[in-house]
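Engineer: Pasting the sequence and the predicted model now:
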Amino acid sequence: MIHVNHLSNKYLVVFSLLVHESLLCVYDQILNWSKYVHNSAVIVHVNAIAPFSLDELGGLLKTIPGIGVYLNPTRLEINSLGLLEAHMSNWNELYQSGINCDYMIMEASNSMFCRPGVLQHIFKFDCGYRLAHLASDFANWGWPNHPMGEDHNFIRYMNGQQLRNHQPEGSWFRYSMFLPVLYELNQYCKDNGHARIYNTEEVYPHMLWGQRYPNAISSDTYLWMKQEQVTDNFFDGLFHPMTIQEIKSVAEGKCTWGKNVYAVKRIPREYNHPSRVFIRHMKH
């Protein structure tokens, strides 16, 4: 693991972040975390096809104060169906480094915080993620043949349970409890591969966690608000950027997703996009 800003051997929170596009937007996001999530660190996986080098990224990120920054030296070429492998690479690098933390958070490169207080919320729980959908649920949203149901190896491994997908970005886990899950994930994927037929990062970690810790203190929540659905079709509205009015609603604790929302998603990976600029200049 490449140390860019090594501040401690123990953090409250470590983010696992996958990046692939704008160098400046990676900087912007980590600067955002340094302001809103104190005593935190981030380990960054850079896609092999990203248009910048680890040296370029590290040189830029080392200027951010108040947050531990580490780069994963492994650069996998991934698309939307390879995110689990990249996150696992981050988690394994973190474990092997000997750096410890209280919580690990999975994050996406298009979300940003706009409200303080997130640590006080997550520390009440062992984990937090939205309750999941079955593959059959997707048929109601115009996706009748969702490939999650075709992952027979993992279905067998889960003793015939129907697989459920969980939105991974913003999921958090108590790190000491997550390490046995990581060991199991490593063993399973070594034997069976990463099943790049659907978004396995939405299924494997959360289902293995739930099987191991059925009595964990859990929060059925996201840390962020996604853009609002605008039509009756589930997939319409999923890819619109957050509006400034929606961002304000989260910052003021008045968003429709509930009071324990601290971030917003999607914020376009364009450094000068109005929503990103608005967050950058917010008082927190």
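Structural biologist: In hand now; what should we look at?
Engineer: Now do the same contact list for the most centrally placed residue in the chain.
Structural biologist: Central residue of the chain (CA atoms, centre = their mean): Glu107, 2.1 Å from the mean position. Applying CB atoms under 8 Å, 6 or more residues apart in numbering, we find Glu107 in contact with 15-17, 169-170. Where C-beta positions appear, they are placed from N, C-alpha and C, glycine not excepted.
Engineer: of all those residues, which comes closest to Tyr36?
Structural biologist: When the contacts of Glu107 are ranked by distance to Tyr36 (CB to CB), Phe15 comes first, at 11.5 Å.
Engineer: ok so the closest one is a helix residue?
Structural biologist: No - counting by DSSP: H, G, I helix; E, B strand; the rest coil, one finds Phe15 to be strand, located in no helix.
Engineer: Skipping its backbone neighbours, what lies nearest it in space?
Structural biologist: Using CB to CB, 6 or more residues apart in numbering and skipping residues adjacent in sequence, the residue nearest Phe15 is Val42, 4.3 Å away.
Engineer: Contact partners for the closest residue in space to Ser16 that isn't next to it in sequence?
Structural biologist: Counting by CB to CB, 6+ apart, Asn90 is the residue found nearest to Ser16 once chain neighbours are left out, at 4.4 Å. By CB under 8 Å, 6+ apart, the contact list for Asn90 reads 16-18, 43-45, 72.
Engineer: wait, which of those residues is closest to Thr200?
Structural biologist: Out of these, the member with the shortest distance to Thr200 (by CB to CB) is Leu18, at 13.8 Å.
Engineer: got the contact list for whichever helix or strand Ile155 is part of?
Structural biologist: Element membership of Ile155 [criterion: DSSP states H and E] is helix 152-157. With contact meaning CB under 8 Å, 6+ apart, helix 152-157 is reached by 149, 161-163, 188, 192, 195, 200, 203-204.
Engineer: Neighbour-wise, which one of these leads?
Structural biologist: Neighbours here mean other CB atoms under 10 Å. Within these, the largest count is held by Tyr204, at 27 neighbours.
Engineer: His240 versus that one, what's the distance?
Structural biologist: From Tyr204 across to His240, the span is 29 Å (CB to CB, to the nearest Å).
Engineer: Which strand residues bridge the residue nearest to the centre of the chain?
Structural biologist: Taking DSSP bridges as the rule, Glu107 bridges to Leu17.
Engineer: what pLDDT does it get?
Structural biologist: In this prediction, Glu107 carries a pLDDT score of 93.
Engineer: Need the contact partners of the helix or strand encompassing Val69.
Structural biologist: Val69 belongs to strand 68-71 when elements are defined using DSSP H and E. Under the criterion CB under 8 Å, 6+ apart, residues 1-8, 11, 14, 30, 40-44, 46, 54, 57-58, 61-62, 93-94, 97, 99 lie in contact with strand 68-71.
Engineer: The same query, at a cut-off of 7 Å, please.
Structural biologist: Contact with strand 68-71 is made by 1-8, 11, 30, 41-44, 54, 57-58, 61-62, as judged by CB atoms under 7 Å, 6 or more residues apart in numbering.
Engineer: re earlier: mind listing which of the contacts of helix 152-157 are in helices?
Structural biologist: Judged by DSSP state H, helices contain the following of the contacts of helix 152-157: 188, 192, 204.
Engineer: Would you check how far apart the closest residue to Cys114 other than its chain neighbours and Val264 are?
Structural biologist: Using CB to CB, 6+ apart and skipping the chain neighbours, the partner closest in space to Cys114 is Ala251 (4.7 Å). Here Ala251 is placed at a distance of 9 Å from Val264 (CB to CB).
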